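**Q** just coords:
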């Protein structure tokens with residue numbers, strides 16, 4: 001937000017404050033002044049008149065001039081191409097201090113020069129505010145400029161000081177100079193006198209103008225016909241204030257629309273009355289066509305854009321810019337005022353798409369107070385009557401209403417002090433509310449305040465507390481130590497499990513990865529272990545980042561593809577991440593193995609990346625997390641789109657599916673540009689939520705063990721797991737009930753010669769041992785015979801001869 005000392009001085013006395021003091025007080029109250037500087041600068045300046053101008057004898061571009069300064073005529077060498085005899089100019093006398101340095105007497109190519117004839121940019125004026133003619137030469141003053149006048153910058157209206165204020169999002173009210181003046185007046189505790197213009201637009205004869213709306217994005221629209229106006233130059237004060245705001249003066253009517261917008265914060269638009277056929281305007285959307293705006297550029301309208309139309313054709317992009325065919329011209333004799341409220345989200349979207357940021361659109365996007373349209377039309381009518389000779393005024397036409405404007409908040413002194421940690425008196429707090437025009441009243445210790453319509457940021461007692469400390473001063477806050485509950489510096493249960501998982505997998509040779517949470521539609525459609533509907537972003541950065549993922553593996557496969565494409569033969573990675581759907585958020589673990597997990601080249605040994613290695617990794621992880629292997633089952637995997645149909649498994653704990661593991665399907669591998677990948681994805685949240693077994697440590701038995709091998713002929717379709725479970729079931733001594741089967745290992749599976757086509761041979765090694773004594777043959781034989789009998793009876797397993 002940009003304002004100036006001259007603008008604020010219209011409403012209050014600032015004569016006793018320097019620019020730095022004013023900026024400091026505003027900043028200390030919460031509105032940060034980002035820059036404070038003079039509009040122009042220069043000392044020892046005077047208005048002079050060029051009485052002679054000749055070419056320099058030793059130059060093709062310098063001129064030798066004689067300039068009348070009122071009390072003397074001096075010679076000045078000037079290099080500006082537009083200097084000429086008879087001109088009134090700004091002269092910097094010797095000793096003058098300008099932004100570029102100090103002016104001294106001297107000689108230029110042998111000719112005496114006593115000063116400098118100045119251009120405005122040499123006096124610190126922003127070049128963006130100057131015309132091309134002004135930037136390319138000296139400033140030519142009006143013919144009636146007083147020769148010898150020692151304040152030429154004041155004569156031109158450049159004697160102002162600029163404040164650039166960074167507004168927080170909740171203080172959009174200070175986009176209006178009237179509201180900003182109220183704020184500064186409250187900060188300085190000074191009386192603020194604003195122009196009187198209430199009800200200035202109430203006058204007017206009957207109108208036949210028809211106003212309508214075909215969109216819900218325009219809750220309020222005001223229109224007024226001014227039948228007769230005079231186009232002329234704007235008054236000096238108006239041009240100066242526009243200049244201080246960084247805007248150019250056009251003519252009195254256009255300048256009034258801009259001044260009113262700056263004063264009230266409400267954008268408005270003036271249409272040439274002759275351009276509006278049939279005296280009719282309709283607010284609508286749904287247009288899809290090209291449209292040429294006021295800047296002469298043609299834009300593509302889309303159905304979601306709000307437009308102002310006449311006879312079904314657009315004449316303005318609502319809230320952003322009017323049309324080239326209805327702008328105010330030198331020949332305009334009457335106008336139609338538009339003043340409305342529009343949906344700020346729609347304005348923001350249209351502005352961004354068209355790359356068309358205007359003063360109007362910026363204000364709509366940040367938010368405008370509900371009463372601003374009424375204030376703006378009143379002020380506009382007042383200024384048009386005074387400075388544009390407005391007559392033939394018709395009554396205001398309105399569609400829509402503004403309801404619920406009065407907001408009353410309550411608080412007590414105790415609540416204010418408790419929140420702030422202060423001991424402010426009732427008089428201090430009441431004084432703050434009075435300075436803010438909150439009309440405070442107190443009854444039975446409760447303060448009631450009426451919030452002005454422009455303070456849309458005020459919602460409750462917390463906001464009232466903020467206003468009190470802002471205006472009284474943050475330096476009044478006492479120095480106290482914060483009260484904070486102490487927390488024990490340790491990981492919670494979930495964090496410990498994640499840390500354990502990371503440590504186990506890293507120690508087994510895997511690298512941890514972090515991939516993007518946002519994924520493409522293709523990766524979303526290939527989600528593995530996804531039990532929820534994916535969430536689509538309303539405004540994705542790109543097609544590759546459109547969805548919030550519900551599965552990690554598609555992203556982790558991208559890591560494998562990236563590394564394999566760069567000739568890395570061993571890529572073994574894992575990732576732990578949150579996945580989120582519309583109904584729930586879970587934590588998943590994904591693993592990808594490709595290439596040897598461990599290698600010892602000089603021994604010609606390696607741990608290959610295969611189904612059993614991956615299964616072993618997962619079993620080791622389950623053990624480390626305190627989940628007994630007996631609770632985990634590896635069953636048939638029905639996902640044949642992502643996994644190889646005969647080299648994968650579904651991981652279950654009870655009836656719950658924990659995840660999937662196995663070799664990638666060849667077709668899916670080709671789609672992802674990967675080779676020989678074994679992968680898994682687990683619902684880590686389920687592991688965290690399940691009850692864990694306590695990990696018990698027992699000493700190694702000091703008694704010897706006995707190993708026995710047996711080979712069984714069984715049906716080819718019989719899972720080997722059934723054999724292991726049956727052996728474990730009968731692994732106890734019948735007398736002592738001690739479990740004497742310590743280990744069961746399947747070391748060979750054979751199908752082929754000497755075995756029937758529908759059968760297979762499974763070789764099993766069983767380790768017997770006791771923790772209390774040395775086992776006898778009789779004890780081992782009893783258990784072994786019982787196992788064989790049960791295997792034959794329950795599984796039809798025969799000892800291989």
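**A** Ah, there it is. Treat the numbers as computed from the prediction; the structure is a model and nothing was measured.
**Q** What number of neighbouring residues does the closest residue to residue 458 other than its chain neighbours come out with?
**A** Leaving out its chain neighbours, the residue that sits closest to residue 458 by C-beta to C-beta, 6 or more residues apart in numbering is residue 451, at 4.7 Å. All C-beta atoms are positioned from the backbone trio N, CA, C, and that covers glycine. Residue 451 has 21 neighbouring residues, counting by other C-beta atoms under 10 Å.
**Q** what bridges to residue 451?
**A** residue 407 (DSSP bridges).
**Q** Let me know the distance separating it from residue 356.
**A** Counting by C-beta to C-beta, to the nearest Å, the gap from residue 451 to residue 356 is 34 Å.
**Q** which residues does residue 659 contact?
**A** 529, 589, 650, 651, 680, 681, 682, 683 (C-beta atoms under 8 Å, 6 or more residues apart in numbering).
**Q** at 7 Å what do you get?
**A** Contact partners of residue 659, counting by C-beta atoms under 7 Å, 6 or more residues apart in numbering, are 529, 651, 680, 681, 682, 683.
**Q** Isn't residue 524 up against residue 545?
**A** No: when contacts are counted by C-beta atoms under 7 Å, residue 524 is not listed as touching residue 545 (11.2 Å).
**Q** Who has more neighbours out of the two?
**A** More crowded of residue 524 and residue 545, by other C-beta under 10 Å: residue 524, with 20 against 14.
**Q** so which strand or helix has that one?
**A** helix 521-525 (DSSP states H and E).
**Q** Could I get the buried residue list for that helix?
**A** 523, 524 (16 or more other C-beta atoms under 10 Å).
**Q** Same question for stretch 377-397.
**A** Neighbour-count burial for stretch 377-397 [16+ other C-beta under 10 Å]: 377-385, 387-388, 390, 393-394, 396-397.
**Q** and if you look at stretch 286-304?
**A** For stretch 286-304, by 16+ other C-beta under 10 Å, it's 287, 291, 293, 294, 299, 301.
**Q** what's the distance between the helix or strand harbouring the fifth one and the middle of its chain?
**A** Put plainly, it is residue 299. Per DSSP H and E: residue 299 is located in strand 298-300. The chain centre lies 27 Å from the centre of strand 298-300; the measure is C-alpha atoms, centre = their mean, to the nearest Å.
**Q** same question, stretch 53-60
**A** Counting by C-alpha atoms, centre = their mean, stretch 53-60 comes out at 60 Å from the chain centroid.
**Q** now do stretch 581-594
**A** That offset, for stretch 581-594, works out to 27 Å (C-alpha atoms, centre = their mean).
**Q** what is the mean pLDDT for that stretch?
**A** Averaged over stretch 581-594, pLDDT sits at 92.
**Q** is it true that residue 456 touches residue 174?
**A** No: when contacts are counted by C-beta under 7 Å, residue 456 is not listed as touching residue 174 (11.4 Å).
**Q** can you list the buried residues of stretch 286-304 in JSON lines and add distance to residue 585 and pLDDT?
**A** As requested, these are arranged in JSON lines below (distance: C-beta to C-beta, whole Å; pLDDT from 0 to 100):
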{"residue": "287", "distance to residue 585": "42", "pLDDT": "92"}
{"residue": "291", "distance to residue 585": "45", "pLDDT": "90"}
{"residue": "293", "distance to residue 585": "46", "pLDDT": "89"}
{"residue": "294", "distance to residue 585": "49", "pLDDT": "86"}
{"residue": "299", "distance to residue 585": "42", "pLDDT": "92"}
{"residue": "301", "distance to residue 585": "41", "pLDDT": "93"}
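**Q** Would you point out the most distant pair within these?
**A** Farthest-apart pair in the buried residues of stretch 286-304 is 287 and 294; separation 17.4 Å (C-beta to C-beta).
**Q** next helix or strand past the helix holding residue 524?
**A** strand 535-536.
**Q** So which elements touch that following strand?
**A** strand 547-548 (3 or more C-beta pairs under 7 Å, 6 or more residues apart in numbering; DSSP states H and E).
**Q** Mind listing the strands the strand it packs on pairs with, and their directions?
**A** Assessed with DSSP bridges, strand 547-548 is paired to strand 518-519 (antiparallel), strand 535-536 (antiparallel).
**Q** what's the average pLDDT for it?
**A** 93.
**Q** now the helix or strand of the chain with the lowest mean pLDDT, how far from the chain's geometric center?
**A** Lowest mean confidence among the helices and strands of the chain (mean pLDDT, DSSP states H and E): strand 598-600, at a mean of 84. Here strand 598-600 is found 48 Å from its chain centre; the criterion is C-alpha atoms, centre = their mean.
**Q** Measure how far the helix or strand just after that strand is from the centre of its chain, please.
**A** Next helix or strand after strand 598-600 toward the C-terminus (DSSP H and E): strand 605-607. Distance of strand 605-607 from the chain centroid (C-alpha atoms, centre = their mean) equals 50 Å.
**Q** partners of strand 605-607, with directions?
**A** strand 598-600 (antiparallel).
**Q** Only the buried residues of the partner strand, if you could.
**A** In strand 598-600, counting by 16+ other C-beta under 10 Å, buried: nothing.
**Q** Any chance of the buried residues of stretch 286-304 in TSV with distance to residue 65 as columns?
**A** What follows is these, written out as TSV (distance: C-beta to C-beta, whole Å):
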residue	distance to residue 65
287	59
291	52
293	46
294	42
299	49
301	56
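**Q** Just to check, residue 392 is in contact with residue 228?
**A** Yes: applying C-beta under 7 Å, one finds residue 392 in contact with residue 228, separated by 4.5 Å.
**Q** which ones are touching residue 145?
**A** Residue 145 touches 47, 88, 155, counting by C-beta under 7 Å, 6+ apart.
**Q** Count the residues that sit near the first one.
**A** The tally of other residues near residue 47 (other C-beta under 10 Å) stands at 23.
**Q** Helix, strand or coil: sort out it for me.
**A** The three-state label given to residue 47 by DSSP: H, G, I helix; E, B strand; the rest coil is strand.
**Q** Then the last one?
**A** The local conformation at residue 155, judged by three-state DSSP, is helix.
**Q** cool, the one 3 residues further on as well?
**A** In terms of secondary structure, residue 158 is coil; the call rests on three-state DSSP.
**Q** How about it, nearest residue that isn't a chain neighbour?
**A** Using C-beta to C-beta, 6+ apart, the nearest residue to residue 158 is residue 40, at 4.1 Å.
**Q** Give me the nearest residue to residue 536, chain neighbours excluded.
**A** residue 547 (5.7 Å).
**Q** likewise residue 342?
**A** residue 319 (4.4 Å).
**Q** which helices and strands does the host helix or strand of residue 261 pack with?
**A** Using DSSP H and E, residue 261 sits in helix 252-264. Contact partners of helix 252-264 among helices and strands, from 3+ C-beta pairs under 7 Å, 6+ apart: helix 177-188, helix 236-244, strand 268-272, helix 372-387.
**Q** Nice, that's everything, thank you.
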